[in-house]
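Visitor: Have a look; sequence and predicted model below, questions after that.
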Amino acid sequence: MKVGIDAISYALPEAVLTNAELGENYPHWNMDRLAERTGVQSRHIAGDGETALDLTMRACQALTSTGDLEKGEIDAVIFCTETPDYPLPPNACLLHGRLGLGTEVAAFDINLACSGYIYGLELARSLIVSGSARKVLLATGDTYTRLIHPEDRATRCLFGDGAAVSLISAAQDSSGFIDIKLGTSGQNHERFIVRAGGARMPRGAETRQEVSDRSGNIRSAENIEMDGLGVLSFFNSTVPPHVLDTLSRNGLSVPDVDLFVFHQASKVALDSLQRQLKIADENMLVALSEVGNLVSASIPVAFQQAIEGGRVSSGNLIAFCGFGVGLSWGTALLRMK
């Protein structure tokens, strides 16, 4: 059985923080250099009290208004987030309640970041292929800026907030997912981590103490700690062969792909992947200038913008690839209907 994407919608916070505004607040930051490396000129920032769940509801309402989301057809809700409303219950249950879905609908969260969309697609596909569901609502959303210290330029300039919802169901023709392949390197988990806030290190006075790294970035144990060079180095050596292997085992190669939709990690990361895989410019999607790195919502937001921009046609072969916290990664091949 083939499984495909019926529709995608996304929502971004109204507030926008530009590089010019950051430069005014932090005149010692070289914003031109940071923009060159990140590829980000502005990012949307969640307002006070605005959560990933709220943004996801806005995305769902957009799908409802277009007639794509029929609540009675949803059999399962998967919510991928690392910034849930509460430690418990899961965001998926809260979304289920807000949407007024039936009591026989399964709902659960997955705690993943930049690889989360690919993992969510595989879970949705598995539920449908197994017969446990006919249509799955996959939500991916985060308010990562809440985890960032305002004086950590390594993360402050890169991440934005946003959410997306994707409707996944059985494909009626030759379209749909051809293959999905996942990977994990848990021994490298400290390269991207928030150390405090869980059972291992509860928040307290000590976890709020600020430290400065060798580059002058300030953070506490309650903030994102990102080894940017370590993460980039790892995925530079891991992602290209993973993509090539996924293509090869399906009798495909890079020129067969009409559009590569990578997690919009940074311009440096995307440039490196494009160079290593020898992807033509017209087949490479770069869409982070106005939104930044949107974590698990990165791929669906970029893909939907490409659809709206006329870059995707019926029959196109799309390669999705996400990579990040865990460390984890995944590649999915989709034939458009």
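Guide: Yep, that arrived. Numbers count the residues shown, from 1 in each chain.

Visitor: any idea of the pLDDT on the nearest residue to residue 335 once chain neighbours are set aside?
Guide: Take residue 335 and drop its neighbours on the chain: the residue closest to it by C-beta to C-beta, 6 or more residues apart in numbering is residue 175, 4.9 Å away. For glycine as for every other residue, the C-beta is placed from the backbone atoms N, C-alpha and C. Residue 175 carries a pLDDT score of 89 in this model.

Visitor: doesn't residue 2 make contact with residue 175?
Guide: Yes: Residue 175 lies in contact with residue 2 (C-beta atoms under 8 Å); the separation is 6.8 Å.

Visitor: where does the residue nearest to residue 335 fall, phi/psi-wise?
Guide: phi -80, psi 180 (degrees, to the nearest 10).

Visitor: Check which element follows the host helix or strand of residue 229 along the chain.
Guide: Taking DSSP states H and E as the criterion, residue 229 maps to helix 228-248. Next along the chain after helix 228-248, taking DSSP H and E as the criterion, comes strand 259-262.

Visitor: before we move on, the earlier item: now for the helix holding residue 229, which elements pack on it?
Guide: Other helices and strands packing on helix 228-248, by 3 or more C-beta pairs under 8 Å, 6 or more residues apart in numbering; DSSP states H and E, are strand 176-184, helix 267-277, strand 317-324, strand 328-335.

Visitor: What's the mean pLDDT across it?
Guide: Across helix 228-248, pLDDT averages out at 95.

Visitor: Export it to CSV, keeping only CA atoms.
Guide: C-alpha atoms of helix 228-248 as CSV (Å, rounded to 0.1, in the frame of the first residue of the first chain):
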residue,chain,number,x,y,z
GLY,A,228,27.7,24.0,15.9
LEU,A,229,30.9,22.7,14.4
GLY,A,230,30.5,19.3,15.9
VAL,A,231,26.9,18.9,14.6
LEU,A,232,27.9,20.2,11.2
SER,A,233,30.9,17.9,10.9
PHE,A,234,28.8,14.9,12.0
PHE,A,235,26.0,15.5,9.5
ASN,A,236,28.4,16.4,6.7
SER,A,237,29.8,12.9,7.0
THR,A,238,26.5,11.1,7.7
VAL,A,239,23.7,12.7,5.6
PRO,A,240,25.1,12.5,2.1
PRO,A,241,25.8,8.8,2.1
HIS,A,242,22.4,8.2,3.9
VAL,A,243,20.6,10.0,1.1
LEU,A,244,22.6,8.2,-1.6
ASP,A,245,21.9,4.8,0.0
THR,A,246,18.2,5.6,0.2
LEU,A,247,18.2,6.5,-3.5
SER,A,248,20.3,3.6,-4.5
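
Visitor: between that helix and strand 176-184, what angle do the directions make?
Guide: Computed by axes from the mean of the first three to the mean of the last three C-alpha atoms, to 10 degrees, the angle separating helix 228-248 from strand 176-184 equals 140 degrees.

Visitor: quick one: buried residues of helix 228-248?
Guide: 228, 231-232, 234-235, 238-240, 242-244, 246-247 (16 or more other C-beta atoms under 10 Å).

Visitor: quick check: angle from that helix to strand 317-324?
Guide: Here helix 228-248 runs at an angle of 150 degrees relative to strand 317-324 (the same axes, to 10 degrees).
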